[in-house]
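S.K.: okay, structure incoming, though there's no sequence with it:
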């Protein structure tokens with residue numbers, strides 16, 4: 001059985017005092033991601049992709065690092081890699097996914113994302129999420145998981161699950177569950193919908209599945225009633 005490498009300290013989001021010079025559309029964030037184990041310490045400066053709109057708020061997927069600073073193999077989709085005059089850049093989103101899925105990491109992903117959200121003005125990746133709490137099991141909500149949205153399609157009712165940091169300013173999409181209604185109007189046990197993306201939402205989805213292996217245990221009584229009320233309407 002193959003043993004996963006361990007990250008014993010971090011990852012941490014740290015301030016970088018000496019700013020690097022880059023060419024458009026990349027701009028240094030003044031931050032770096034740092035982690036270490038018994039054999040090495042890694043420090044990767046972070047950049048943001050500056051869009052023509054000039055918005056001060058930053059999309060998480062537009063936080064990047066230089067390909068040349070990559071210390072390991074990485075699963076990265078085409079849209080997560082950008083070629084620029086200053087070289088190739090890869091998404092921090094893909095790096096976090098690789099670290100947490102291929103290594104044993106001592107620091108929870110929740111802590112890393114909360115730390116990053118505290119120093120970077122992240123733009124919400126979920127539009128008009130449900131703000132009502134108490135719709136998921138108490139253990140899941142204590143870790144920051146929330147019900148994002150509900151919709152119906154092809155005879156199924158879908159519940160999109162998200163995660164938000166403690167301050168509530170940033171919410172990520174995590175995964176989707178699908179339920180079918182029984183003849184008596186009750187919901188069946190449900191199922192997880194297969195994922196196709198690579199990134200932090202994949203890591204958060206893994207964490208949620210460990211907390212709540214069965215979809216029937218994901219929703220609270222209030223959450224079940226909420227879904228049924230949406231279906232009725």
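M.R.: That came through, no problem. Predicted model, so just to flag it, every value in this text is computed and none were measured.
S.K.: buried residues in the lowest-mean-pLDDT helix or strand in the chain?
M.R.: One helix or strand of the chain scores below all others by mean pLDDT, DSSP states H and E: strand 81-84, with a mean of 78. In terms of neighbour count (16 or more other Cβ atoms under 10 Å), strand 81-84 has its buried residues at 82, 84. Where you see a C-beta, it was placed from the backbone N, CA and C, and this is true even at glycine.
S.K.: residue 161 is in contact with residue 209, isn't it?
M.R.: No - the pair formed by residue 161 and residue 209 falls short of the contact definition of Cβ atoms under 8 Å, at 10.6 Å.
S.K.: that older thread, just checking, what packs against the least confident helix or strand of the chain?
M.R.: Helices and strands touching strand 81-84, by 3 or more Cβ pairs under 8 Å, 6 or more residues apart in numbering; DSSP states H and E, are strand 87-91.
S.K.: I'd like the next helix or strand past the strand it packs on.
M.R.: Using DSSP states H and E, the helix or strand that follows strand 87-91 towards the C-terminus is helix 92-102.
S.K.: need the contact partners of that following helix.
M.R.: Contacts of helix 92-102 with the rest of the structure, by Cβ atoms under 8 Å, 6 or more residues apart in numbering, involve 4-5, 7, 11, 33, 35, 44, 46, 60-61, 63-65, 70, 72-77, 80, 105, 109, 112, 198-200, 202-203, 206.
S.K.: give me the mean pLDDT for that helix.
M.R.: Averaging pLDDT along helix 92-102 gives 91.
S.K.: let me know the angle separating it from strand 87-91.
M.R.: Angle, helix 92-102 to strand 87-91, by axes from the mean of the first three to the mean of the last three Cα atoms, to 10 degrees: 60 degrees.
S.K.: buried sites along helix 92-102?
M.R.: 92-100.
S.K.: distance to residue 175 for the residues you listed - can I get that in TSV?
M.R.: TSV is the format used below for the buried residues of helix 92-102 (distance: Cβ to Cβ, whole Å):
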residue	distance to residue 175
92	20
93	15
94	18
95	20
96	16
97	14
98	19
99	19
100	15
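S.K.: the more surrounded of residue 161 and residue 209?
M.R.: residue 161 (27 against 15; other Cβ atoms under 10 Å).
S.K.: what residues are up against the nearest residue to the more buried one once chain neighbours are set aside?
M.R.: In space, and not counting its chain neighbours, residue 161 is closest to residue 174: 4.8 Å by Cβ to Cβ, 6 or more residues apart in numbering. Counting by Cβ under 8 Å, 6+ apart, residue 174 makes contact with 145, 161-163, 201, 204-205, 208.
S.K.: and the angle from the longest strand seen in the chain to strand 87-91?
M.R.: Longest strand in the chain by number of residues, with DSSP state E as the criterion: strand 26-36. In terms of direction (the same axes, to 10 degrees), strand 26-36 departs from strand 87-91 by 60 degrees.
S.K.: just checking, residue 110 touches residue 143?
M.R.: Yes - contact criterion Cβ under 8 Å: residue 110 and residue 143 qualify, at 6.3 Å.
S.K.: now do residue 77, the pLDDT please.
M.R.: Listed pLDDT for residue 77 reads 69.
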